[in-house]
Structures are given as structure tokens and as C-alpha cells.
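Novice: Fold the following, please.
(chains A and B)
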Amino acid sequence: MTRPIRAVALISGGLDSMLAARLIQDQGVHVEGLNFYTGFCVEGHTHAIRRHDRDRPKRNNALWVAEQLGVPLHIVDVVEDYKDVVINPRHGYGQFMNPCLDCKGFMVARAREWMEQHDFDFIITGEVIGQRPKSQLRRSMPIVARESGAGDRLLRPLCAKLLEPTLPEREGWVDREQLLDWSGRSRKPQIELAEAFGFEDYAQPAGGCCFLTDPYYSRKLRDLWQARGERRYELDDIMLLKVGRHLRPRPHFKLIIAREEGENRFLQGYRRAFTHLEPVTHPGPLCLLDGEASDEDLQLAARLVARFSRGREAPSVTVAVAGAGGADRRELSVPPLPVEQVPQEWYIT
Amino acid sequence: MSDHPVLVDAQGLLCPMPVIRLQQAAADAESGDEIEVIATDPGVRADIPAWCRVHGHHVVDIQEEEITIRVRVRLR
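Specialist: Residues are numbered from 1 along each chain as shown, chains lettered A, B, ... in the order given. Purely as a prediction, here's the structure:
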């Protein structure tokens, strides 16, 4: 007896990959989902950290999509391997720090490895020609298939009719006539097909799920690399770029200042690794200091922290300053820095 | 099958890392084994049960403590 044909679907949590997987499921193919965790994923983190987001329904969209489809979902930690994609994208960045074409090639390559290890037959993505400006152009599609090594085992059900027939189509594993010919940026066909499938609730389109497409986040990442004099990062670095106000009053240090209680609690976990400041005489934010700071710099940092405390109008605020892990703790009584003395260019936004 | 649950310490990790750690532990375990995840991200309350549902595993118990959340899972 021959085994059923099996496909692995890249599931981002958005609508397109959900529809693509469903189209193939409806042709009787066994489908399982694959989702990659790069560290730059938007979903989850800000909900977990920020208190004001906690009332919103909390769910992992990729898992939620898998539930709607009734397929197992395998979530893969690619944080380490993904660094090379972000730091050295062969095809360059998009509008911000988003290496979308390299990212797609990386993910399809990892899906190909998974497919081979688990004896699956082909890969499904939710790509649509022209949907995204860099990674989903017609000319990009063969690049992804070639560089990932997936070749013609990569099937894009939503636009397959506009492309050369792939192996699953030629072998009759799927019926090409039941695949689609979508192109362009319109979301109308997706929404109509979602309704036809009975999907009433789905996440926003792909692309909004990655911090690297966010201009503010991208600036903070560029600033991090510029200050370090080299392009590298650790997971904690990119987590911290998602949290707090970031101010760089001097080239050799920056401050990460919590904006609310949830961020305050999150940053507390980093006191072991950073010099940190916190108002003592007035309620106010925890602040991490990233870099090297002289006594004069610490005075300035304390005045800035006081500026963001409830004592901002007070003549003096006492701020506790401690090194990493609480070393060398002392208290500085400082006048809060007036708003007009906080230049806009200090803000990394 | 093990008599004691496998402990997965996911404290301080943000979702989906606790789910990934659970998934890795499940890959090394046998049917009927139990895994207990200790986490601090409230996202595990939704994400671990969702992961269990799509893989056919069973959530035995979710215990909320002051800071941590313990989720006990039995593998199918």
C-alpha cells in the first residue's frame, strides 16, 4: 500500500498561508504546519510585556490557524541561524531592516530540510505574486525555489496557475485546475475565499508579524549596531528593542526606560546584566543603562529618569543607581531634567 | 513510560519559547509520559493548550502561582 501524499505548509499565522494549506488539504493531501521563531516575531511579546495589551485576546496566531485547519503545527526555534539572514542579507533589505527575500529563502530552505527529514513530499507557502514588494515578485519566486534547494517541490497554491507547473502538479499529487491565479495587492479574493471556507476570524495579512518591517524598531537596531561598531546581536538585545523608551544622550551609552508597569516588571529581569536606575523618593520607571557611563553620565541618566518619574516637577528626586546585579548601589539626589533640555535627537524612534 | 513528570523550566522565556521547550521535551518522551512546564509568560495559558489540541496531547492541570504558571501535559 502506498502512503498518502504529504505536504508541509509554512504557517505564519496570517490568512494567506491558512488559505494555501486549506486548498491543498481539500485535495486530500495530508498537511502539517511549520512555523519559525526568529525572535523578531511581533505576536506574543508585547502582549506579554505591556499591561495595557493584556486585556486583548492572547493567542499564538500560527497555533490558532493550525487549530482551524485541524493540522499539527511544529514551531521551530531558528533564532541563532536567523542572525546571518538579518546581518548579511545577500539580497539586501527592504524599506527598513527587513531582509524579506533572504528570509523567505531561509524559511523555505529550513522547510525543505524538515520535509526531507520527515519524509514529506512537498512544501506549501501562501505567497501571491505582487503581494509583497520584495519577496513576492514574480522574479523573486524562482530565486526562493532555487536558493532554498526546494526547486519544484515548492508549491504556491494561491498563484500556482501563473507559474510553471511544479512536481506535485506534474505528478498529479494535486490538481492544478483547483489551484489559483492570484496576483496583486488586493485582499478581496482572500477575504472572499476565507468566507467560502467559513473562516470568520483571521489575523491581518503577512508582513505585519515581523518587527523588522517596523521603522521605529529598525532604527533602534541600526543604532545598536552603530553604537557597538559591529553588526551582531543576541536574543536579549532584540527583545529589549521591543520594550521601553530608548534614549541615547551620549554616543557611548543609551537608556531603556520603562513606559508602564508591565515593562517595568519585564526590565527587572535584566538588572542582573545592566547598570540600572530607579527613583526612590517618587514613583517612576526602572531604567537600564546600556554602555559605559562615567559619574557625570550617571548624573545625567539619573536626571533623565527623574524627568520620567512622578517627581518631574519636584526640585529634587532621589534615584538609586546600581551596577549589574546590584553592585555598588548608591543614591543620587538630582533635579529632574526639564523637558526643553531633552533634545528630540536623543530619542531613538 | 516515566513515573515522574519531566520538568521543563521556561521561566523568563516569552512565548512561543515555552511551547518550543515543551515540544523538544515531548520529542524525547514516550506516549503516556507527563511533562510539567514552569513558565512566567501568561501566554502559556493559551498557547500550551492550543499546542496540545493540535497534537492530540492532554492538558492535565494548569496551576497559577504568585509569579509562575505550571502546566502539566500528558502525551498521547
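
Novice: Can you read off the pLDDT for the residue of the stretch 151-300 of chain A found nearest chain B?
Specialist: Nearest residue of the stretch 151-300 of chain A to chain B (CB to the nearest CB) works out as residue A:269 at 5.8 Å. Where you see a C-beta, it was placed from the backbone N, CA and C, and this is true even at glycine. With respect to pLDDT, residue A:269 has a value of 88.

Novice: now do residue A:58
Specialist: Taking residue A:58 on its own, its pLDDT is 68.

Novice: Contacts only, for residue B:2.
Specialist: For residue B:2, the contacting residues are B:29-30, B:33-34, by CB atoms under 8 Å, 6 or more residues apart in numbering or on different chains.

Novice: Tell me how far it lies from chain A.
Specialist: Distance, residue B:2 to chain A, by CB to the nearest CB, to the nearest Å: 23 Å.

Novice: Where does that residue sit: helix, strand or coil?
Specialist: Under DSSP: H, G, I helix; E, B strand; the rest coil, the three-state class of residue B:2 is coil.

Novice: Run a quick neighbour tally on the residue of the stretch 151-300 of chain A closest to chain B.
Specialist: 13 (other CB atoms under 10 Å in any protein chain shown).

Novice: From what I see, it and residue B:13 are in contact.
Specialist: No - the criterion here is CB atoms under 8 Å, and residue A:269 misses it with residue B:13 at 10.6 Å.

Novice: ok, back up a step: name the nearest residue to the residue of the stretch 151-300 of chain A closest to chain B, sequence neighbours excluded.
Specialist: residue B:12 (5.8 Å; CB to CB, 6 or more residues apart in numbering or on different chains).

Novice: With residue A:92 instead?
Specialist: Using CB to CB, 6+ apart, the nearest residue to residue A:92 is residue A:99, at 7.3 Å.

Novice: Any figure for the gap between the one you found and chain B?
Specialist: Per CB to the nearest CB, residue A:99 is found 21 Å from chain B.

Novice: quick one: that residue and residue A:83 touch, right?
Specialist: No - at 11.1 Å, residue A:99 and residue A:83 do not qualify as touching, with contact defined as CB under 8 Å.

Novice: Those two: who's more crowded?
Specialist: Each of residue A:99 and residue A:83 has its neighbours counted (other CB under 10 Å); residue A:99 has more, 25 against 18.

Novice: what about that one, distance to residue A:87?
Specialist: 9 Å (CB to CB, to the nearest Å).

Novice: Where do the strands of chain A begin and end?
Specialist: Remark: strands assigned in chain A by DSSP state E are A:6-10, A:30-37, A:73-77, A:122-124, A:154-155, A:245-250, A:253-257, A:275-279, A:287-291, A:317-322, A:330-334.

Novice: Break chain A into its domains for me.
Specialist: Chain A breaks down by automatic domain parsing into domains covering A:6-212, A:243-346.

Novice: Just grab the bridge partners of the most centrally placed residue in chain B for me.
Specialist: Nearest to the geometric centre of chain B sits residue B:37, at 4.0 Å (CA atoms, centre = their mean). For residue B:37, the beta-bridge partners under DSSP bridges are residue B:8, residue B:71.

Novice: from what I can see it touches residue B:10, true?
Specialist: Yes - between residue B:37 and residue B:10 there is a contact under CB under 8 Å: 5.5 Å.

Novice: Find residues that contact each of those two.
Specialist: By CB under 8 Å, 6+ apart, the residues touching both residue B:37 and residue B:10 are B:18, B:21-22, B:44.

Novice: could you pull out the helices for the chain?
Specialist: All of this is about chain A. With DSSP state H as the criterion, chain A has helices at A:15-25, A:45-49, A:61-69, A:79-87, A:100-117, A:140-148, A:167-170, A:188-197, A:215-228, A:235-240, A:261-268, A:295-307.

Novice: My question was about chain B, not that one.
Specialist: Using DSSP H, helices in chain B cover B:17-27, B:44-55.

Novice: Can you say which of those is nearest to chain A?
Specialist: That would be, of the helices of chain B and by CB to the nearest CB, helix B:44-55, which comes in at 4.1 Å.

Novice: So what's the residue count around the closest residue to residue A:162 other than its chain neighbours?
Specialist: Excluding its sequence neighbours, the residue lying closest to residue A:162 (CB to CB, 6+ apart) is residue A:181, at 5.2 Å. Counted with other CB under 10 Å, residues neighbouring residue A:181 total 13.

Novice: now swap in the one 10 residues further on and tell me
Specialist: Neighbouring residues of residue A:191 were enumerated by other CB under 10 Å; the total is 13.

Novice: Let me see the contact set for it.
Specialist: Residue A:191 neighbours (CB under 8 Å, 6+ apart): residue A:15.

Novice: Residue 62: what's it in contact with?
Specialist: If you meant another chain, say so; for now it's chain A. A:11-13, A:33, A:35, A:73, A:75, B:16.

Novice: My question was about chain B, not that one.
Specialist: Counting by CB under 8 Å, 6+ apart, residue B:62 has contacts B:45, B:49, B:69-72.

Novice: same question, residue A:79
Specialist: A:37-39, A:235.

Novice: which of these has the most neighbours?
Specialist: Counting by other CB under 10 Å, top hit in these: residue A:39 with 23 neighbours.

Novice: That one against residue A:82, yeah?
Specialist: Yes - counting by CB under 8 Å, residue A:39 does reach residue A:82; the two are 7.0 Å apart.

Novice: No more questions from me, cheers.
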